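Engineer: Here's my sequence, what's the structure:
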Amino acid sequence: MAAFCSLKNFCEYETSKVVRFQSVSYGSLKWTFHMVVFLYVCYVLVTDKRYQKKDSVISSVHTKVKGVVQTDSRIWDTAEYTIPMQVSLSLRSAQHPTSIEPCCCFAGMRVQTGRCVKYNATIKTCEVSAWCPVESMKGAPVPAILKSAENFTVLIKNNIHFPKFNHTARNFSPKLNISCTFNKITAPGCPIFQLGGILQATGENFSEMAIQGGIMGIEINWDCNLDKWFYRCSPKYSFRRLDNKTTPEYPGYNFRFAKYYKRPNGQEERTLIKAYGIRFDILVFGTAGRFNIFELLVYIGSVLSYFGLAQFVIDFLITSYTYPCCKASIKEYYFRKKCESALGPKWVRDAISCLSSRKIQCIGAFIVSFIRSLWICSQYTAGLNSPAPNTGAFTDMTKLAAQCSNRVPVLAKAHEMQPLKSEGQTSPSHDRPSWCCCGKCRQTESFREQLCCRRKEGSCITTSALFDQLVLSRSALEFILLYKEPLLDLNTETLNNELRHCAYRQYIHWRFGSAEVESSALIPSCCRWKIRETYPSEDGKYAGLKRKN
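Structural biologist: Sure thing, here's the model as predicted:
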């Protein structure tokens, strides 16, 4: 049985309750938010291709430079720019003296040989291993020697691969026109670039930049769409200068290289060249995307929460702000429709309501907070003052019952047309208990039933007109029973039992302000017996108060 109950509780579904407001302003605001969010989501979905799975590029680059330039002393062609690595040999040379102290040379100190040699007729110095003569400290020649190199062309071969999609591409095809030159408008896909044109695209002057040198970047961007219906995978070229031309420390770009010769006597010589030039760095980056249903579902799930922004804003306006002219009424109306107060965690054994006190009390329980600011306290303590119970819903139901009883043909007229008691009939006399203050209570042995409607001497609540109208009225009670069970038979012999228990609930709702305390509310003895006299049981026996857990 326990396993069945656990399975039954497991197979449950919960959903939120929605309150719908018929408001033009709030409705328009909601649809405005939804439309803005929908357009934004669609825009991002299309522009960023959030429905695709992405992959980064793997690239290799190969370049070829072509061009010939003539200077005063020689011809520079492509072979002049290809500098193979050489094996460096060294000669011995005297070191420039830095001290007037006697020469003291030790082998192994830096590049020193350990010998002390003459620097001139009066000074000696330590011998070191180096190329002779030492490098000249002259600056870069002006104008640049190879200023005509701006007409050189470079072919860039770029092969890329996207491993996730096993897709390979390159920036030139077999049908490429080898005589083309890159132009951003006429030939944006040509991989042959003129060096001067690259600097022109960045606003630089080749002749000026070639004097001190610099670093230029050629960027190749691959933004590939591998979907079959929108396939596109071609490079886009852009250029920019990478070094800072305004810095005073080590401006420009230069490097050194040497050319080696051997004399007939076997001695090796070299020509050291300090070259100022423009270095071109090729930067390749890019991504590829292909449609993937999982990526699309993840994106849709991530943006669904954006549609809740409208609800958040409207709820904030309802609970925090309305128009000044009708601020209080609008806020109170929407707040009551949207928010429902509920009892907090409590342990209440028995709740009572006294006619002489505007308080709801409990017997043997902790102080807790009740609906509509009703406070519960111990019967034997001073108690706490609280507002009267809100019986608006109860009186509305009673008015509705009265209206329906006047308009709809009344069932069981024989019972309704009779008075609650026969004329001249009086209740049997009973001894008045010591705890009774109204004179209508009956003696009982149960401590929980020893309760009067008053705390001080006075009239009984059963003598009030409202008690007859709200609690004992047969038409009202029958209407309530029919409202809950439209097919209820009002001619059954057990109808009095239904009416009696319904009257109990009506009293609780009337005096306590909520039917939620039915399980813990105690009805005074006078009221309980008045209801029993009006709607007696068949055998004259009553179960009494039973605790509901």
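Engineer: Next, give phi and psi for Glu14.
Structural biologist: phi -120, psi 140 (degrees, to the nearest 10).
Engineer: okay, now it: neighbour count?
Structural biologist: Neighbour count for Glu14, taken as other Cβ atoms under 10 Å: 4. (Each C-beta comes from the backbone N, C-alpha and C, glycine too.)
Engineer: For Ser234, see how far away it is.
Structural biologist: Taking Cβ to Cβ, to the nearest Å as the measure, Glu14 and Ser234 are separated by 54 Å.
Engineer: May I ask you to confirm that Phe193 is in contact with Val154?
Structural biologist: Yes: Phe193 is within contact range of Val154, at 5.3 Å (criterion: Cβ atoms under 8 Å).
Engineer: Quick check on those two: which one has the bigger neighbour count.
Structural biologist: Phe193 (22 against 19).
Engineer: Regarding that one, what is its secondary structure?
Structural biologist: strand (DSSP: H, G, I helix; E, B strand; the rest coil).
Engineer: residues contacting the closest residue to it other than its chain neighbours?
Structural biologist: In this structure, Phe193 finds its nearest non-sequential neighbour in Phe182, 4.8 Å apart by Cβ to Cβ, 6 or more residues apart in numbering. Going by Cβ atoms under 8 Å, 6 or more residues apart in numbering, Phe182 touches Pro188, Cys190, Pro191, Ile192, Phe193, Gln194, Gly197, Tyr237.
Engineer: so which of the residues you listed comes closest to Ser148?
Structural biologist: Nearest to Ser148 among these is Gln194, at 12.2 Å by Cβ to Cβ.
Engineer: State the distance from that closest one to Thr153.
Structural biologist: 6 Å.
Engineer: for Lys66, same thing?
Structural biologist: Taken as Cβ to Cβ, the span from Lys66 to Thr153 is 5 Å.
Engineer: more crowded one of the two?
Structural biologist: A direct count of neighbours by other Cβ under 10 Å for Lys66 and Thr153 places Thr153 higher, at 16 against 11.
Engineer: how close does that one get to Cys190?
Structural biologist: Taken as Cβ to Cβ, the span from Thr153 to Cys190 is 10 Å.
Engineer: Arg474 now?
Structural biologist: For Arg474 relative to Cys190 (Cβ to Cβ), the value is 101 Å.
Engineer: so where's this protein uncertain?
Structural biologist: Scanning the chain for pLDDT under 70 picks out the ranges 1-6, 72-73, 80-110, 321-331, 341-430, 514-518, 544-549.
Engineer: how distant is stretch 140-148 from the center of its chain?
Structural biologist: Put simply, stretch 140-148 sits 60 Å off its chain's centre (Cα atoms, centre = their mean, to the nearest Å).
Engineer: Please enumerate the strands of the stretch 201-350 of the chain.
Structural biologist: With DSSP state E, counting those that start in this stretch as the criterion, the stretch 201-350 of the chain has strands at 214-225, 235-241, 254-262, 268-276, 278-291, 350-353.
Engineer: now the ones you listed as CSV including mean neighbour count and distance to Asp55?
Structural biologist: As requested, these are exported to CSV (neighbours: other Cβ atoms under 10 Å; distance: least, Cβ to Cβ, whole Å):
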stretch, mean neighbour count, distance to Asp55
strand 214-225, 19, 9
strand 235-241, 17, 16
strand 254-262, 12, 37
strand 268-276, 14, 40
strand 278-291, 18, 5
strand 350-353, 23, 69
